[in-house]
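# Here is the input, now give the coordinates:
(chains A, B, C and D)
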There are 2 protein chains.
Amino acid sequence: MPSSARTADHTAEAFRRTLRAHGLKATPARIAVLTALARAPRPMSAQAVMDALPRNADQATVYRTFRTLKEKGVIRQIDLRHNHAHYEIAGAEEHHHLVCLQCGRVEDVDRCWIEDMQPAVLRRAKHFARITQHALEFYGICRSCAARERPSPRSTAKGSDIPLPSY
Amino acid sequence: MPSSARTADHTAEAFRRTLRAHGLKATPARIAVLTALARAPRPMSAQAVMDALPRNADQATVYRTFRTLKEKGVIRQIDLRHNHAHYEIAGAEEHHHLVCLQCGRVEDVDRCWIEDMQPAVLRRAKHFARITQHALEFYGICRSCAARERPSPRSTAKGSDIPLPSY
DNA sequence: AAATTATTTGCAAGTAATTCGCATTTAGGA
DNA sequence: TCCTAAATGCGAATTACTTGCAAATAATTT
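Numbering: from 1, shown residues only, chains lettered A, B, ... in the order given. Modelled structure (predicted):
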C-alpha cells in the first residue's frame, strides 16, 4: 500500500466514483482538481490549483468546481485569513489549522480543543511560537430556511443565491 | 446602568479612551465605526458599517479603520462565509456563531463546545434546524517569524504584508 | 490659545478574487 | 451511436478591498 498521508483512496478512479455517487459527471477537470487537492499537504487556493493543473481548466471552471464540490461536501473551504479562500478534501478525520499571521505558514492540529487547551496545542505544534487568536464557526440551516426547504433546486440560475440580512 | 447587551462601556467617551490607550487618534470616523459595531447585534460587514455611518467616512477610511483596530485587537474579524469579512468588537466573553448557509442568519453560541456537542448546541439555538459543518482555526505566530520578530513595524509600507508560501 | 507635526481622511483610480453570459463541447444514458 | 443535460472555456463584469496623494485635523508643544 502507498504511503499516502491521510488514509483514503485518492486515485483518479476513486474520485470518479465519488463524483458519480454525488450525481456529478466525472470530468477530467474535476478529477484534476481533486487530485491536486489530494496531493497537497495543505489547503490550496484557487490560484495554486490552477497552477497545479496540467494545462486546460480555466479560472471559471476551477471556481465552479470548488462551489459544486463544496456543496456536495466533497471538499471543505478554509479561511486562512490570506484574503482568498482555500480548499481541502473533506472526510479526513476532523482537524483544524494553525495559521501564521505573519508568513502564512499552515500546520494541522489533529485534535479538537479550544482556548484553555491552547498551551497544549502550542506544545504539540512543530512550528509555532504562540497562538493569539482562534475562530470557530458553525454552519447549517436555520429554521425558516428549513421550512421553505428546496423551493426549486434549479431555479437559482440568475439571482444572487443567498438573500442576506442587512449585515 | 443602561441595558447594553454585553457588559462593557460602549459610550463615545469609552471608545475615545480605548483608542488613545492604543496610541491612536480618537477621530470621529473611528468612534463612529466602533459605535456602529457596538450597536449591532451581530458582526457587521464593511458595507453595513458604511450604511450605518451618518454621512461622512468613505470606504477607504472604513477599511483602514478595520485594519488598524484589528491589529490592535480592539475588533475581531469573523468569517461568516458571506464572501466578505465581518467585524465585531473584541473583548466580550468568548463566543462563536451559528451561520445559516442558506439565508445568512447569524446567531451567537455563548459557550464553546465542538462536534459531539453539536446536538446540544442545536438544542440551545433559537433559530436553527440543523448544523452541517463547523470550522475552527487558530492564529498566531510561527517560530521562524517569531525569530525575526519586529524587523521594522513601519517599513511594510509598500510590499504585500504577508510573504505567502505557494499555497 | 496659537503654532506644529505626525496622523488620518477623502477622493479617485487600481488591483485581486470571484462570478456570469453564452456559445461550444462532452459524459454517460438510451 | 445518438441524444441531451451538464460542464467547459472564453471574455467581460462585478465585488471586495487597497493605494497614492493632497488636504484636513488631533493632540502636543510653546
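# quick one: is stretch A:51-66 near DNA strand C?
Yes. Contact of stretch A:51-66 with DNA strand C (CB under 7 Å from any atom of the strand) involves A:Q59, A:A60, A:Y63, A:F66. All C-beta spots, glycine's among them, are computed from the backbone N, C-alpha and C.
# Pull out the buried residues from that stretch.
A:A52, A:L53, A:A57, A:T61, A:V62, A:T65, A:F66 (16 or more other CB atoms under 10 Å in any protein chain shown).
# Using CSV, please lay out those residues together with distance to B:A32, secondary structure and pLDDT.
Formatted as CSV, those follow (distance: CB to CB, whole Å; DSSP: H, G, I helix; E, B strand; the rest coil; pLDDT from 0 to 100):
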residue, distance to B:A32, secondary structure, pLDDT
A:A52, 45, helix, 89
A:L53, 46, coil, 86
A:A57, 46, coil, 75
A:T61, 43, helix, 96
A:V62, 40, helix, 97
A:T65, 42, helix, 97
A:F66, 37, helix, 97
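# where exactly do the helices run in chain A?
Applying DSSP state H to chain A gives helices spanning A:12-21, A:28-39, A:46-52, A:59-71, A:118-124, A:143-147.
# looking at the ones you listed, which is buried most?
Burial of these is given as mean neighbour count (mean count of other CB atoms under 10 Å in any protein chain shown); helix A:28-39 ranks first at a mean of 20.
# So which residues make contact with that one?
A:8, A:10, A:12, A:15-16, A:18-19, A:24, A:44, A:48-49, A:52-54, A:56-57, A:61-62, A:65-66, A:68-69, A:74-75, A:87-89 (CB atoms under 8 Å, 6 or more residues apart in numbering or on different chains).
# make it 6 Å
Helix A:28-39 has contacts (CB atoms under 6 Å, 6 or more residues apart in numbering or on different chains) with A:H10, A:A12, A:F15, A:L19, A:M44, A:V49, A:A52, A:L53, A:A57, A:T61, A:T65, A:I89.
# Also within reach of chain B: list those from those residues.
For chain B, the contacts drawn from the contacts of helix A:28-39 by CB under 6 Å from any CB of the partner chain are A:M44.
# Most widely separated two among the contacts of helix A:28-39?
Pairwise distances across the contacts of helix A:28-39 (CB to CB) peak at 20.6 Å, for the pair A:H10 and A:T61.
# Now do the residue in chain A that DNA strand C sits nearest to against A:A46, distance only.
Per CB to the nearest atom of the strand, A:A60 is where chain A lies closest to DNA strand C, at 3.1 Å. Relative to A:A46, A:A60 is positioned 10 Å away (CB to CB, to the nearest Å).
# swap in A:R16?
Counting by CB to CB, the gap from A:R16 to A:A46 is 22 Å.
# for A:A85, same thing?
The value you get for A:A85 to A:A46, if CB to CB is used, is 7 Å.
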